[in-house]
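Participant: I would like the atomic coordinates for the input below:
(2 chains)
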Amino acid sequence: AQSVTQLDSQVPVFEEAPVELRCNYSSSVSVYLFWYVQYPNQGLQLLLKYLSGSTLVKGINGFEAEFNKSQTSFHLRKPSVHISDTAEYFCAVSSFGDYKLSFGAGTTVTVRA
Amino acid sequence: GAVVSQHPSWVICKSGTSVKIECRSLDFQATTMFWYRQFPKQSLMLMATSNEGSKATYEQGVEKDKFLINHASLTLSTLTVTSAHPEDSSFYICSARDVGQGNYNEQFFGPGTRLTVL
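Facilitator: This next block holds a predicted model:
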């Protein structure tokens, strides 16, 4: 079984400032890692995923994340946020051969002008 | 591509009635679909895995007789909340797994269905 911990429940940030959302996972086997964004009353949209290869993953809307196997982390970053980035962000993990996703509790990002 | 729809987007029903929610993959075939439940300000909790042509696999603690899942085709899964009660009020989200090359491990999510039971 795997689990995900998102270390920050809420992250307020000013427009054009950088943001980092932290995610740690635990698993006894190799994993795939995902970041999703959810806008109010909507489903989830994939920001980026790590399946294999380069540990630095670039996604949509200027987001990127780095997989760190030794620290079992997959932190999400964006160098300059916009008001439109205000949303809920979820880190998720699935194990090789098991396509179920386990989600973290979510991080609420609020971008202020 | 890889669009998943849900219908209805919101529904209000009386306690004791049943409600059916549809999840469709619009431009790909999904042998596996997943149903999640999300309470306000909380994360998604997996309820069940729906496999085309076979019985759904429910997560521990989810009542299979209350949440009936049918996956009759490669593009449609339905969730029926039977004898709904106010505590069943929630946001229900489905996802579909596209087994096409390049999307092997990705789930595509529907927009969700808001259920309110009065």
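
Participant: which residues sit against the lowest-mean-pLDDT helix or strand in chain B?
Facilitator: None of the helices or strands of chain B scores lower by mean pLDDT, DSSP states H and E than strand B:107-109, at a mean of 89. Applying C-beta atoms under 8 Å, 6 or more residues apart in numbering or on different chains, the contact partners of strand B:107-109 are A:36, A:43-46, A:99, A:101, B:2-4, B:25, B:28, B:34, B:93-98. Yep, even glycine has a C-beta here, placed from its N, CA and C like the rest.

Participant: now do 10 Å
Facilitator: Contacting residues not belonging to strand B:107-109 are listed as A:34, A:36, A:38, A:42-46, A:92, A:94, A:99-101, B:1-4, B:6, B:23, B:25-28, B:30, B:32-34, B:36, B:44, B:93-98 [C-beta atoms under 10 Å, 6 or more residues apart in numbering or on different chains].

Participant: how about the residues of chain A near chain B?
Facilitator: A:4, A:6, A:9, A:32, A:34, A:36, A:38, A:41-46, A:49, A:51, A:88, A:90-92, A:94, A:96-97, A:99-106, A:108 (C-beta under 10 Å from any C-beta of the partner chain).

Participant: go again with 6 Å.
Facilitator: A:32, A:42-44, A:51, A:99, A:103, A:105-106 (C-beta under 6 Å from any C-beta of the partner chain).
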